[in-house]
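Visitor: Give me the fold of what follows.
(4 chains)
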Amino acid sequence: MSEFALLFPVTVFLILSAISVVTTRNLVHSVFWLASTLITTAAVYVFLGATFIAAIQLLLYTGGVITLMLFGIMLSRRHSSTTVPNPSEHQLLGAVTAGGVLVLFLTAIWRTPAFGRVVDVGTSLDVGNLFLSEHLLAFEALSVLLLAAMLGAIVLTRTSDP
Amino acid sequence: MSIEHLALVAWLTPLAVAALLLVVRPVRHTGKPAAALSVAGATVSLGAAIAALVQSSARGGEAVALTTPWLRRAGEVMADVGVYVDGTSVTMLVVVTTVAWAVQVFSLSYMSDETPQGLGRYYAFQSLFLFSMTGLVLAPNMLQFFLAWELVGLCSYLLIGFWNHKPSAAKAALKAFWVTKLADIGMILALLLQFTHTGSFGWDAHAAELLHHAHVTYLGMPLVAAVALGFFVAAMGKSAQFPLHIWLPDAMEGPTPVSALLHAATMVAAGVYMVVRAFPIFEHAHGVLLFMAILGAFTALMAATIAVVQTDIKKVLAYSTVSQLGYMVSALGAGSVMAGYFHLTTHAFFKALLFLAAGSIIHGVHSQELGEMGGLLKKMRFTSTVFLIGTLALAGIPVFSGFFSKDLILEALLHGTHHQPLLWLPLVMLLAGVFLTAFYMGRVLFLAFLGEPSEKVSHAHEGGLAMMLPLGVLATLAVVAGFGGSWLSGLYGVEPYHFAVTPVGLVGLTLALAGLGTSWVAFGRGAPAPWLATFTPIGDFIRAGVVDRGFAWGYRVALSGLASAVAWFDRYVIDALVNLFGVLALYLGDRARTLQTGNVGDYVYAVIIGVVVFAAFSQVML
Amino acid sequence: MITDPRIYLSIAAVLFSLGVYGVITRRNAIGVLLSVELMANAVNLNLLTFGRFVTGASGQVFTLFTIALTVVEVVIGLAIVVLLYRTRSDVLIDIASELRE
Amino acid sequence: MTWTDLAPLGVELILLAGALSLLIVDLILPPGDKRILGIGTLGVFLAGLLATWTLPLDGLALGGAYEGDAMGVFLKRVFLLSGALAVLAVQGHGPKAWPRRQGEYHQLILYSVLGMSLLSGVRDLILLAVAFELMGVPLYALAAWQKRDAGAAEGALKLYLTGAVSSAATLYGFSVLYGLSGSTRIADVAAAVSAHPSPLLALGATVAVAGMGFKLGVVPFHMWVPDTYEGSPTPFIAFLSVGPKAAGAAALVQLLLPGHGALLGTVMELFLVLSAASLVLATLMALPQSNVKRLLAFSGIGHMGILLMAIATGTVDGLASLLFYLLGYLFTNAGAFVVVHAIREDGGDDSIDSFNGLVHRSWFLSGAMLLFLLSLAGVPFVVGFWAKLFVFMAAWQAGFEWLVILGALVSVLSLFYYLRVAKAMFMGTTERRDEVPMHWSVRLAVSICLIAITGMGLYPNPFVAVAEAAAKAFLG
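Guide: Next up is the predicted model:
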């Protein structure tokens, strides 16, 4: 089967999941639809040869973010229940604006002449090497950023001080 | 000491005093000693200025400068800071320091009721003003001039609002600052234009040449005209030319000595001084000059008309100041630096004198209303005498200084008509203004000093030496300054001036005498003649008769009626138009603030719209 | 085999637009966060597309960075949401509109 | 990797070491007395400042993602000073209001300044994205610092949500810039944009810039500004309103100007429009404000309009004027907010009315505030005048005459609201006659700002010269 025939259903499911994320009326469902979106995206990553990132996406991103979100929901509820309202409003305005964004982006993408060719995406070794050479400084800065975010989150949410 | 060092002393002594008073609280809070310190500083400044004048005069007003590079951009000196002394600036320096000295001495007594803190604050601002104003006068380039120009504006703001318990004072201070700043946009744009095209902020002939020969136009004007117009717009604000004069009458909310110094003699003349300084640029801009001549004359006539019906003595003097500034601007517009500048000098002395004398009256009577005065001649002989001198000088009666300078202005306009027939229009307006000036000053003089003393007046008395000394000095100057004309012309390096009796001068004199005469007829009893108040029976003097009735009617309808109408128009239309800008802005602001809904969703939506606009722009442009 | 990166870019654009839709319409603060995640996901897809068709391994490196940045934002965002809940007992964003005009 | 690779990062290393030591000392100290942490943070900032003069900070660092140059050093001083002033001003308030969280507060400020510091010489899109977040994430936490205050949470949420959406847009733009140019290096991106412009590349550039506009708070990304300012602790606002704005401008410069402003070309007209919109809208909206913090917030939005004007010139003169502007704005705005803080500590409520008759209660505070306001308004003898004049001159020469005229008009209009505060201070009346109490740190912070703005106002030369050298070093 051609690659396209495989990609097509994946894409459809991806987009349907994403639509569900922004339309479901239950917040917990939204979160799970997001998980579905992220996992399907990981499948697309495989098409793009980025198996390493696909694994990361599944293990860390999907797992971590989804767990965080669920914790967030739990911490901002008085009673634990699986139906948490996630209301929407101004759907028409949102649809028009988002449609505008889509049209603009697609115009830009398809007005640009075809470019690129399939290249070697490299192994996780290459990724690691790049991390510790060209992007070492950004990597270090990222670690400081994680520390700062952790610190900020802890100090904001702990209840022991005013 | 050399001239430039003397000028430096005159400039920096007030700075030292101001810095001391502003920064060191214990000194400021001593009150009287702080005042004495400030007066001492002004005295030193005055002494140095006079010494500089004497030396400069001996050398024919030769230009000397003492400057140091101040601002550099890209390694090149953009502007200097320091003093530039020539015949023009040194005379202005003496005028400024003299009036400032007189006002500071006068204030010792006038402001004696203030708390020590208040007095210290007052003198701190006074010294700061003197520093700023001398810095303006001695500025070697447009940039220092502009900075000092803004600083005097700030001092004006602080001093008008000095009596901060009066809401009207706060409002007036705000208005004055705001209107003059609005006008200053002209100056900023002119400076930007000038610097972009000449690379300097100089106001000398060299800069003028460069501007003149740049073949660039802005809004259909040659570059030099655009620059001149920008400068003039700023001058309109500071020197209260129609329609930006509206702040000056309100500025009378400040203490009277402040009015005398800033809003009569020195600061408001800064606009005129600027045109004089930058005349090398202005003389290439014929359209702007014509505009100045007409606008100045119109301002002169309009303000004089309004002055006729004012009942507050300070308001009369304020409108009179607007009017006289119009004379100066008109003279400059006619191309005569000498006439405009000469009048600036004489006016500084006699108007400061009038204001301080008015201050002396207010101090004695505790009122500014003309209706509550009358019969002051018996109570305040000295003040009456000096006020009379000031009035005669302002009215343009021979021997007194105003006569000579006003005569020269009229001649300058007449001379100008040879090349530019349109100048007849301002000439006629100025002549009408001469009549009105004499009339309204006569009115003040007679109403305040003649007639029967009222209850309030009966307790009035002279204010002591601290008040009388400055009045005496200024009165002397108001008399003798007129004889300095030919000497001044030598100092300025313009063509020599000699007084000569000319037809137009005689017309002017006749009108001035007629104005005083009319006002004697109307107010000679020290109160408005009965026929002024009612249409019915006229006094002894002009009993019955169609002619007299006609005269009465003419006064009420033609003069008083017209003046009231103009005053009303000024108050409610011109003022409103300028206020409209503010009101409109406030209204728009009030509408715009509703955009800030407080809803996060709207904020995020605004961000997204921003992104969409950016993205759409990129697609449209490519 | 797909050789035109614009197909993948289009998928990413759709995801991004859906995120925009969610950001505009959602009233629950966490719902908005989920929508922002969709937008971030679109960015990652973009990056890997370019990695596949233009640049190679660095696309994956960039993606790792953006994933980390997104997680950081979620962490701090949830902390703020929890704080909002404590002070206002709700996390609907339109109740937080005391400060305005 | 050798030590020379790290040398350009001297300041960042000092900040990092400081923050980490703070973390440890904070754990050791008893909960009761953490005052020393603030002093220590000040020490870190001073050490960083000292390093900008003593260490050789030029050159490429760690694989070329960062390059130190004269502009970077100039910007670092601005960032360090803004951090130092904010930390100084909070020394009286912090130990009282949140005694147990002082360590975290100061660490977060240090991390944020660290992020800014990296932005000052960033040459790589990834590092730009990370540093931008490193600067921004601590600000989200700090904005919500008054945890019991619903307004603080609300202000922080507004900051956060607009920030998160903006950063998604920025990252999308970066992904496109990176993909089509084939490199994360900004210089390569600029080269690709000028060599092979394409619709997608233009989209990427504009969307990235739009997202970064959030940090500057220019119209239409400005709406969080007044609300966040109102809800957050004032000494923090003295930081937020200065440091991150300067860093945002620095990041825009880093992204737009290399390669003869290739990327700038795609957004220049937009910048002019946004600059005009910010100037006009901010001024109009400031007019009816009765809360001084909101008033200053809108005033700040207007000032960002002038920054955009300076960036849009893309010339050495424009960049020099921008740098000078940032330095002047730093002291002016921080000073003004510290005065507001002092009044708040005295029992005021940030309203203009609480400034009534201040001249009778503190000559120092009222005089200082007057000068700050005049500097914001661009009146001579304080630095604001020169800052505005230089930007206007550069903009005029770049041909934006109409924008300069608009800017001049708007700054006169802005006098209306600046003078309302001045009027309250000098001409308002108050019953109280007691001297306003001031912590030594507040007095010191205001004094520093005051000396700086008058010093730079009277003799701007040395600062202008440094700014020019810095601009030349960057644009060549």
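Visitor: how about residue D:186, what does it touch?
Guide: With CB atoms under 8 Å, 6 or more residues apart in numbering or on different chains as the criterion, the residues that contact residue D:186 are D:122, D:123, D:124, D:125, D:128, D:254, D:255, D:258. Every residue, glycine included, has its C-beta placed from N, CA and C.
Visitor: Among the residues you listed, which one sits closest to chain A?
Guide: Ranked by distance to chain A (CB to the nearest CB), the contacts of residue D:186 are led by residue D:124 at 6.8 Å.
Visitor: Residue D:62 is in contact with the closest one, correct?
Guide: No: the pair residue D:124 and residue D:62 does not pass the contact test of CB atoms under 8 Å, sitting 10.3 Å apart.
Visitor: okay, those two: which has more neighbours?
Guide: A direct count of neighbours by other CB atoms under 10 Å in any protein chain shown for residue D:124 and residue D:62 places residue D:124 higher, at 27 against 20.
Visitor: For the closest residue to that one other than its chain neighbours, grab phi and psi.
Guide: Spatial nearest neighbour of residue D:124, excluding adjacent residues (CB to CB, 6 or more residues apart in numbering or on different chains): residue D:65 at 3.8 Å. In this entry, residue D:65 is assigned phi and psi values of phi -80, psi -20 (degrees, to the nearest 10).
Visitor: Residue D:68 now?
Guide: Torsion angles at residue D:68 (phi, psi; degrees, to the nearest 10) stand at phi -80, psi 130.
Visitor: Quickly note the distance from the closest residue to chain B within chain A to chain D.
Guide: Ranked by CB to the nearest CB, the top residue of chain A for proximity to chain B is residue A:104, at 4.6 Å. If you measure residue A:104 against chain D using CB to the nearest CB, to the nearest Å, the figure is 7 Å.
Visitor: Is it correct that that residue is in contact with residue B:617?
Guide: No: the criterion here is CB under 8 Å, and residue A:104 misses it with residue B:617 at 10.0 Å.
Visitor: Report the contact partners of whichever residue of the stretch 201-350 of chain D sits closest to chain A.
Guide: When you check the stretch 201-350 of chain D against chain A by CB to the nearest CB, the closest residue turns out to be residue D:203, at 4.0 Å. By CB under 8 Å, 6+ apart, the residues touching residue D:203 are A:104, A:105, A:108, B:615, B:618, B:619, D:173, D:176.
Visitor: if you set the cut-off to 10 Å instead, what comes out?
Guide: If you count contacts by CB atoms under 10 Å, 6 or more residues apart in numbering or on different chains, residue D:203 has them with A:104-105, A:107-109, A:111-112, B:614-619, B:622, D:172-173, D:176-177, D:266.
Visitor: and those near chain C, which?
Guide: Here is what survives when the contacts of residue D:203 are matched to chain C using CB under 10 Å from any CB of the partner chain: A:104, A:105, A:107, A:108, A:109, A:112, D:172, D:173, D:176, D:177.
Visitor: Could you identify the buried members of those residues?
Guide: For the ones next to chain C among the contacts of residue D:203, burial is judged from neighbour counts taken by 16 or more other CB atoms under 10 Å in any protein chain shown, and it is met by A:104, A:105, A:107, A:108, A:109, A:112, D:172, D:173, D:176, D:177.
Visitor: in the stretch 101-250 of chain B, which spans are helices?
Guide: Assigned by DSSP state H, counting those that start in this stretch, the helices in the stretch 101-250 of chain B fall at B:116-137, B:142-160, B:167-198, B:205-213, B:223-238, B:247-250.
Visitor: Tabulate these (JSON lines), appending distance to residue A:5.
Guide: What follows is those, written out as JSON lines (distance: least, CB to CB, whole Å):
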{"stretch": "helix B:116-137", "distance to residue A:5": "83"}
{"stretch": "helix B:142-160", "distance to residue A:5": "75"}
{"stretch": "helix B:167-198", "distance to residue A:5": "66"}
{"stretch": "helix B:205-213", "distance to residue A:5": "76"}
{"stretch": "helix B:223-238", "distance to residue A:5": "71"}
{"stretch": "helix B:247-250", "distance to residue A:5": "81"}
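Visitor: Enumerate every residue touching the closest residue in space to residue A:105 that isn't next to it in sequence.
Guide: The spatial neighbour of residue A:105 that comes closest, neighbours along the chain excluded (CB to CB, 6+ apart), is residue C:13 at 3.9 Å. With CB under 10 Å, 6+ apart as the criterion, the residues that contact residue C:13 are A:101-110, C:6, C:42, C:45-46, D:172.
Visitor: helix or strand for residue C:13, which one?
Guide: If you go by DSSP states H and E, residue C:13 is part of helix C:5-25.
Visitor: Residue B:616 too?
Guide: Using DSSP H and E, residue B:616 sits within helix B:600-621.
Visitor: Show me what that helix is packed against.
Guide: Helix B:600-621 is packed against helix A:91-111, helix C:5-25, helix C:29-50, helix D:150-181, helix D:199-216, helix D:224-231, helix D:258-286, with contacts defined by 3 or more CB pairs under 10 Å, 6 or more residues apart in numbering or on different chains; DSSP states H and E.
Visitor: What average pLDDT does that helix get?
Guide: Summarised as a single mean, pLDDT over helix B:600-621 is 88.
Visitor: buried sites along that helix?
Guide: By neighbour count, and taking 16+ other CB under 10 Å as the criterion, the buried residues in helix B:600-621 are B:600-619.
Visitor: okay, the nearest residue to residue D:35 once chain neighbours are set aside: pLDDT?
Guide: When the adjacent residues along the chain are set aside, residue D:35 lies closest to residue D:95, with 5.5 Å between them (CB to CB, 6+ apart). The model reports residue D:95 with a pLDDT of 84.
Visitor: quick one on the thing from earlier: from the ones next to chain C among the contacts of residue D:203, which single one is nearest residue D:335?
Guide: Nearest to residue D:335, judged by CB to CB, of the ones next to chain C among the contacts of residue D:203 is residue D:173 at 35.5 Å.
Visitor: Can you name the residue of chain C nearest chain D?
Guide: Scanning chain C for the residue nearest chain D gives residue C:50, at 2.9 Å (criterion: CB to the nearest CB).
Visitor: In contact with the closest residue in space to that residue that isn't next to it in sequence: list those residues for me.
Guide: Spatial nearest neighbour of residue C:50, chain neighbours left out: residue D:179 (2.9 Å); criterion: CB to CB, 6+ apart. Shown here is residue D:179, whose contacts under the criterion CB under 10 Å, 6+ apart are A:115-116, C:5, C:9, C:46-51, C:53-55, C:59, C:62, D:200-201, D:204.
Visitor: Against residue B:301, how distant is the most centrally placed residue in chain B?
Guide: The structure's chain B has its C-alpha centroid closest to residue B:268; by CA atoms, centre = their mean the separation is 2.5 Å. Distance, residue B:268 to residue B:301, using CB to CB, to the nearest Å: 18 Å.
Visitor: what does residue A:43 give?
Guide: In this structure, residue A:43 lies at 88 Å from residue B:301, with CB to CB as the measure.
Visitor: Looking at these two, which one has more neighbours?
Guide: Counted by other CB under 10 Å, residue A:43 and residue B:301 do not tie: residue B:301 has more neighbours, with 25 against 17.
Visitor: The more buried one and residue B:319 touch, don't they?
Guide: No: with contact taken as CB atoms under 10 Å, residue B:301 and residue B:319 are classed as non-touching, separated by 11.4 Å.
Visitor: what stretches of chain C score poorly on pLDDT?
Guide: Across chain C, residues meeting the criterion (pLDDT under 70) sit at C:1, C:95-101.
Visitor: pLDDT value on the residue of the stretch 201-350 of chain D at minimum distance from chain C, please?
Guide: Going by CB to the nearest CB, chain C is nearest to residue D:227 of the stretch 201-350 of chain D, at 3.9 Å. Residue D:227 is assigned a predicted lDDT (pLDDT) of 89.
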